[in-house]
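*Asks:* Need coordinates for the below:
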Amino acid sequence: MDIIYQDIHDFDKQELQELFLSVEWSSGHFPDKLVEAMKHFETVYTAWDSNKLIGLICAMDDGIMTAYIHYLLVRPEYHHLGIGKQLVKMVKEHYTDYLRIVLVAYNEELDFYTSCGFKKAEDTSAMFITSLWT
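*Replies:* Sure, this is the predicted structure:
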């Protein structure tokens with residue numbers, strides 16, 4: 001298997017929908033919104049197995065100090081192959097001159113992100129307002 005990594009922002013809505021639903025993310029039910037959102041992220045890196053989208057990472061930034069990883073997802077059948085780590089590495093390299101890269105992780109993801117060099121903040125909590133349509 002030869003995984004290709006690309007920096008792109010234009011997607012077919014079906015490929016995004018399939019990727020997001022493969023990891024059971026509700027945003028996959030809104031493929032038109034996902035296509036539009038990808039165009040607005042500062043940084044989008046993808047992983048492809050031939051012409052199949054198998055992974056994606058998106059980040060936003062303030063232009064100088066802080067970047068925020070918003071999405072990182074890899075199709076379940078491609079887990080444990082280093083694809084997620086490679087996508088994180090690409091974002092870390094892109095933002096190497098920034099003071100920090102921030103993300104919100106679920107508890108079951110902490111080991112993965114720790115292995116990528118992130119540290120859990122002890123004095124903060126993630127907070128959300130989720131729209132009713134999700």
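
*Asks:* in the protein, which segments are predicted with low confidence?
*Replies:* Where the chain drops to pLDDT under 70, the residues are 132-134.

*Asks:* Give me the most central residue, it.
*Replies:* Leu72 (2.2 Å; CA atoms, centre = their mean).

*Asks:* wait, Val88 sits on Leu72?
*Replies:* Yes. Between Val88 and Leu72 a contact is recorded at 6.8 Å, counting by CB atoms under 8 Å. (Glycine included, C-beta is placed from N, CA and C.)

*Asks:* which residues do these two both contact?
*Replies:* Contact criterion CB atoms under 8 Å, 6 or more residues apart in numbering; residues shared by Val88 and Leu72: Ile57.

*Asks:* Surely Met1 and Asp49 touch.
*Replies:* Yes. Here Met1 reaches Asp49: they are 6.2 Å apart, a contact under CB under 8 Å.

*Asks:* who does the lengthiest helix in the chain touch, helix- and strand-wise?
*Replies:* Ordering each helix of the chain by length in residues (DSSP state H) puts helix 83-94 first. Contacts of helix 83-94 with other secondary structure elements, assessed using 3 or more CB pairs under 8 Å, 6 or more residues apart in numbering; DSSP states H and E, are made with strand 3-7, strand 43-49, strand 52-61, strand 66-74, helix 110-115.
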